[in-house]
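1. sequence and predicted structure, then a few things I'm wondering about:
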Amino acid sequence: MVLITAAASGIGLAAATRLSREGARLALSDLRLDALEARAAELALPRDQLICSATDVRDVRQIEAFVAQAAGAFGRIDVLVNNAGIGRRGQVAGLADEDWRQVMDVTLDSVFYGARAALPHLTRTRGNIVNIASISGLAGDGGNAAYNAAKGAVVNLTRAMAVDHGPDGVRVNAVCPGLTVTPLTRKMRETPAVMDQFEERIPLARAGEADEIAAAIAFLASDEASYVTGVSLAVDGGLTAWTGQPVWRPKRSA
């Protein structure tokens, strides 16, 4: 039984789709219940295998209620996918308090709240957590200070929880996507100058698809990854493999 936050679109929806195909019962949450229910209907799961909940992940009580609802309905929790996250552009010197706080509330605090509520259940089932971090949590970006800080904290929180809860049989890992085709990246992807720079820097020369991120989530959540914990898996087309220095390529013969 799998809980997924921010599941109405993008990576969360892709993860729900992939895991439903693999037979998982799902508890899905999103701020927008109408959109969530519309997308969830496309999964064609029986009514007793699916819960949809309107949840504001900034509110600890709402997250706790979502976890309790899922545990009560299904009798167990096996996997928590902490997927919610937002960004606000800006350098530290010019970043407004409310923007910093909102990024931290949604992107970092929700991971803490969700994990804390789910861990007693996961300890009983020897389950696992998959946090959706970012390659922006593995290195810095220009003008993205709040998001870098929040995702970096998610990466290290993942490690800390893996150490703390490994003896209980609970695995905790993170997936770190690079540029991915989702509604949140649409504006960026529709700007040719930006995409040209990405394609120059990504060895696979393209953005990732949400289904490709979902495949990594499904692996880490599965028994196939039974000896994997504390890992932050970059799924980025090779972007973080590159130092950023000029690339030498051999001349092609005519």
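-> The structure has been received and is ready for your questions. Residues are numbered from 1 along each chain as shown.

2. could you list the low-confidence segments of the stretch 151-254 of the chain?
-> Counting by pLDDT under 70, the ranges of the stretch 151-254 of the chain that qualify are 253-254.

3. residue ranges of the helices in it, please?
-> Listed in chain order, the helices found in the stretch 151-254 of the chain under DSSP state H, counting those that start in this stretch are 186-189, 192-201, 210-221.

4. show me what the last one is packed against.
-> If I follow you right, that is helix 210-221. When contacts are defined as 3 or more Cβ pairs under 8 Å, 6 or more residues apart in numbering; DSSP states H and E, helix 210-221 sits against helix 10-21, strand 79-82, strand 128-132, strand 171-177, strand 180-181, strand 232-235. Placement of C-beta: from N, CA and C, glycine included.

5. and for residue 206, the neighbour number?
-> By other Cβ atoms under 10 Å, 13 other residues sit near residue 206.

6. again with residue 156
-> 13.

7. from residue 150, how far out is it?
-> 11 Å (Cβ to Cβ, to the nearest Å).

8. ditto for residue 27
-> Residue 27 is 24 Å from residue 150, by Cβ to Cβ.

9. from residue 107, how far off is residue 226?
-> 28 Å.

10. residue 65 too?
-> Counting by Cβ to Cβ, the gap between residue 65 and residue 107 amounts to 21 Å.

11. please apply the same query to residue 48.
-> Applying Cβ to Cβ, the value for residue 48 to residue 107 is 33 Å.

12. the more surrounded of these two?
-> Higher neighbour count among residue 48 and residue 107: residue 107, with 27 against 9, using other Cβ under 10 Å.

13. hang on, residue 91 packs against residue 146?
-> No: using Cβ atoms under 8 Å, residue 91 is not in contact with residue 146, being 9.7 Å away.

14. among those two, which residue is more densely surrounded?
-> With neighbours defined as other Cβ under 10 Å, residue 91 and residue 146 compare such that residue 146 has more, 24 against 11.

15. what packs against whichever strand or helix holds the more buried one?
-> Using DSSP states H and E, residue 146 sits within helix 145-165. The contact analysis (3+ Cβ pairs under 8 Å, 6+ apart) places helix 145-165 against helix 97-103, helix 110-125, strand 128-132, strand 171-177, strand 232-235.

16. what's the closest of those to residue 38?
-> For residue 38, the closest of the helices and strands packed on helix 145-165 is strand 128-132, at 21.9 Å, according to Cβ to Cβ.

17. pLDDT averaged over that closest one - what is it?
-> Averaging pLDDT along strand 128-132 gives 98.

18. what's the burial count for residue 232?
-> 20.

19. so what's it up against?
-> By Cβ atoms under 8 Å, 6 or more residues apart in numbering, residue 232 lies in contact with 133, 137-138, 155, 158-159, 173-176.

20. for the nearest residue in space to it that is not next to it in sequence, what are its contacts?
-> Once flanking residues are discounted, residue 232 sits nearest to residue 174: 4.3 Å by Cβ to Cβ, 6 or more residues apart in numbering. Each residue near residue 174 by Cβ under 8 Å, 6+ apart is listed here: 130-133, 137, 154-155, 158, 231-233.

21. again, but for residue 27
-> Counting by Cβ under 8 Å, 6+ apart, the residues that residue 27 touches are 1-4, 50-51, 53, 66, 69-70, 73-74.
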